[in-house]
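Visitor: structure of the sequence below:
(one chain, ligands or ions: 2)
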Amino acid sequence: MVTEYVLKIHNRCDLACDHCYVYEHADQSWRRKPRAIGGATVRWAARRIAEHAAAHGLGEIRVVLHGGEPLLLGAAGLREVLAVLRSRVDPVCRLDLRLHTNGVLLDETLCALFDEYAVRVGVSLDGDRAANDRHRRFADGRSSHPHVRRALELLRRPEYRHLYAGLLCTVDPANDPIAVYEALLAESPPSLDLLLPHATWDHPPPRPDGGTPYADWLGRVHARWTSDGRPVAIRLFDSMLSAASGGPSLGESVGLDPVNLLVIETDGGWEQADSLKTAFDGAPETGLNVRTHAVDAVAALPGPAARRGGLAALCETCRSCEVVRVCGGGLYAHRYRTGSGFSNPSVYCPDLKALAGLVVPAAKAAPTPDAGSTGTAAHTLSPAAFDSLARGPGDPAAVAALAQAGLSLTRALVARVASGLPDGAGELEQAAREGLALLSRVDLERPAAVAEVLAHPCTAVWASRCLRPPRAACATLDLAHLAGIAASAALHAGMEAELPLPVRDGSLHLPALGVLRLGRQAGRTIRVSVSSRGLYAAGRRVTGQDPRWLPVRSARFGDRTVLVDDLDAFRGRSGWRPAGRLTGSRWEGWRTCLDGAGKRLEQDAPAYARALGAGLRAVVPLRPGPPRGHRAGGLRHPLGAVGLPPPGSGDLEVALLREFQIAKLDALTTLHGLVEVTPQAPGRILREAYARLAQAELWRVTPGADARDRFGRLSARIHEAIDVLTASGSLTPHGVRFVAGMRATVGAWAGD
Ligand code: SF4
Ligand code: SF4
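Guide: Ligands and ions are numbered 1, 2, ... in the order given. Down below sits the predicted model:
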């Protein structure tokens, strides 16, 4: 399945960067293509993208408008492209629209247009003026630096800030890494991409003094970034850390995840990743066009298919490399050598090996608060991360670490479930065993796909339910859900498999993907097959248009999306009263309110919004009425999901903040005990006070007498709770430190 498209809308550029892979590298096809995309090509492209999303039931896809320089299309041309994409794709699935620009032409008119069509903008900047001027100049030699900075100033304005996607910086060891890092950070980007300049074995990157200059350069940035407490997401480092712990590799530069991306050129030609332009003239071309070929036909070609081959598609050297899971052989284009094609390690191999060694052990060796830890050995928090959580929101890296700890816990729970599968000959027992065999196979070949499904919060709830003693008769149906988990993982991985799935309430459940309604007469199991082409049940392909198929949908939440899971069979097992499938105006109400809540949080409580962005995967709509509350002890609800009351029954963003605070605290206590287990009262007081910390922050910045009043009451209660906890004698050493962090936050409000 293809989930990301790069749509080339203008093929020329107003800059003449000497490191540009479009004009200065091996591929010169830009000379043969139209300068600008035509209306008919845009309509064909949108149609192909939409039909593919519908056929595969995709919840979300991304389209990045690119060039050359896409802003050369002008406001009217851009509007036409955006209107076509929105009108064709929005009705089918969530469309994450982005644009990548050099920034030179960005102005208020364009920002307003991007706001209207919800387009997020990434900008290229190589660092401070000296670093940027080294390569990124106009054809007459003038600097582009002041133009880019003016564009970034525009994107930082409160009215456009939500459009700012981040910065892309091409690494040059001749630049001072710290000066570059500081210059990039000064632009307050939401994220940074540090890119190795495109090179191949035929045209290797410059290494004037030998050694590993790129790893050395990136290593210095990494050291500074770590000591700064990771103030911004840097995709290369985050990718390596994520891949090392079995998570997704967050991009195509490193890691073993399949690359599900295609490019559409201005002439409608389907192409592979742009970076291949560095290999040889015509390297990205497929010979197919949007007018004649659907996405599935392109994705099935050997070139794009090779990008989804994972470990098996790498050369022998990479397959036996000790850091292959982190490095993944580097960017595909960087492996090219005349004669052996792409079956080589990356031309950056020594740098990637050195960098993987630097980034991954550095993460593992991060110092931890040591006294009294009850944590999972493989997951610890640095004191800085721990303290950032204690102060309220927690920085995104701390929240991501909590999420990783949760994933490890889920893996352990699933392994325990798997170790106790019954060996009876019944259909459900058979489904559970086949599910386990498939899950193990996917985990071996595509661990990221398994991690994706296990990270879905309902998986942990399912596993803990299966382990609750005593195992009742109905538990066999629960155990057979392992087959649904395995099928979802195989679909994520695009791997072929066939197995029986259990029928629950007349439906097949594929966690995080959807439910196939078959009716009460369907029997106990149904045999399905899965592959990169999708799901087949009872001999029929399940498409997005199939009325039996209910997909798990995603909704916009400020500048990102969250799953809205109103289907999972195990979404309500932790004290929640989940609502049923949302339809019509109820679904529209949720969509609108979630988006509004996300935007308000980004505006009024940005630190909490960033924390939510790092940890929240799913929202579970609840029925009206009071929740049954959080049980003390046992498995708490996993970090990635919050249960929310229906819109209209209170402030959604306040409920979101509250629930996510509690989820973070629960996740933290799996690593570090904060209060003695008995008596239970201090634990409840701490949880309530921590939830109020976030709620108070929101009221603090909300204008009006009512908000002031609420803020005053909440902060007084937090003060009281802190005093009670401090006097209780129930706090562990970590608890003392944690409560001190909360006190510091409340203390800082003193003048408000
Ligand atoms: S701005 Fe981008 S497309 Fe234009 S010359 Fe520079 S690198 Fe190439
Ligand atoms: S470090 Fe080198 S050998 Fe190892 S996976 Fe990366 S490119 Fe391949």
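
Visitor: who's in contact with Ala289?
Guide: Careful, residue 289 is Asn and not Ala. 267-270 (C-beta atoms under 8 Å, 6 or more residues apart in numbering). (C-beta placed from N, C-alpha, C; glycine too.)

Visitor: how does it look with 7 Å?
Guide: Taking C-beta atoms under 7 Å, 6 or more residues apart in numbering, we find Asn289 in contact with 268-270.

Visitor: what's in contact with stretch 48-57?
Guide: With C-beta under 7 Å, 6+ apart, stretch 48-57 has contacts from 1-2, 5, 61, 63, 88-89, 92-93, 290, 294-296, 514, 534, 543-545, 549, 551.

Visitor: with stretch 151-169 instead?
Guide: Identification of contacts with stretch 151-169 by C-beta under 7 Å, 6+ apart yields 98, 103, 106, 108, 111, 114-115, 119-127, 180, 184, 187-195, 558-559, 599, 602.

Visitor: now, those residues that are in strands?
Guide: Assigned to strands by DSSP state E, the following of the contacts of stretch 151-169 qualify: 98, 119-124, 191-195.

Visitor: what's the most distant pair in these?
Guide: Maximum pairwise distance among the ones in strands among the contacts of stretch 151-169 (C-beta to C-beta): 23.6 Å, between Val119 and Leu194.

Visitor: helix/strand/coil for the residue most central in space within the chain?
Guide: The centre of the chain sits closest to Leu250, judged by C-alpha atoms, centre = their mean, with a distance of 6.9 Å. Following DSSP: H, G, I helix; E, B strand; the rest coil, Leu250 is assigned to coil.

Visitor: residues in the protein within reach of ligand 1, list them.
Guide: 13, 15-17, 20, 22, 67-69, 102, 124, 136 (C-beta under 6 Å from any ligand atom).

Visitor: as TSV, the residues you listed with neighbour count, distance to Val619 and pLDDT would be great.
Guide: Converted to TSV, the residues of the chain next to ligand 1 look like this (neighbours: other C-beta atoms under 10 Å; distance: C-beta to C-beta, whole Å; pLDDT from 0 to 100):
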residue	neighbour count	distance to Val619	pLDDT
Cys13	21	41	97
Leu15	21	42	96
Ala16	16	47	96
Cys17	21	42	96
Cys20	19	42	94
Val22	21	40	91
Gly67	27	36	92
Gly68	24	39	94
Glu69	22	38	97
Asn102	25	37	97
Ser124	22	34	97
Arg136	26	41	96
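
Visitor: now the closest residue to Pro213 other than its chain neighbours: how far from Glu60?
Guide: Excluding its sequence neighbours, the residue lying closest to Pro213 (C-beta to C-beta, 6 or more residues apart in numbering) is Pro173, at 3.9 Å. Using C-beta to C-beta, to the nearest Å, Pro173 is found at 37 Å from Glu60.

Visitor: returning to what we had before: PyMOL command for the buried members of the contacts of stretch 48-57?
Guide: If you want just the buried ones from the contacts of stretch 48-57 in PyMOL, going by 16 or more other C-beta atoms under 10 Å, the selection is:
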select buried, resi 1+2+5+61+63+88+89+92+93+290+295+296+514+534+544+549+551
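
Visitor: which residue packs closest to Cys321, ignoring adjacent ones?
Guide: Closest to Cys321 by C-beta to C-beta, 6+ apart is Cys327, at 7.0 Å.

Visitor: which residues are in contact with that neighbour?
Guide: Contact analysis of Cys327 by C-beta under 7 Å, 6+ apart lists 254, 321, 352-353, 356.

Visitor: which one among the residues you listed gets closest to ligand 1?
Guide: Val254 (21.6 Å; C-beta to the nearest ligand atom).

Visitor: what about the nearest residue to Tyr608 once chain neighbours are set aside, which helix or strand?
Guide: Spatially, and ignoring its direct neighbours in sequence, Tyr608 is nearest to Pro393 (4.5 Å; C-beta to C-beta, 6+ apart). Using DSSP states H and E, Pro393 maps to neither a helix nor a strand.

Visitor: ok, Pro393 to ligand 2 distance?
Guide: 36 Å (C-beta to the nearest ligand atom, to the nearest Å).

Visitor: who in the stretch 501-650 of the chain is up against ligand 2?
Guide: Counting by C-beta under 6 Å from any ligand atom, no residue of the stretch 501-650 of the chain is near ligand 2.

Visitor: residue boundaries of the helices in the stretch 501-650 of the chain?
Guide: Assigned by DSSP state H, counting those that start in this stretch, the stretch 501-650 of the chain shows helices spanning 584-604, 606-615.
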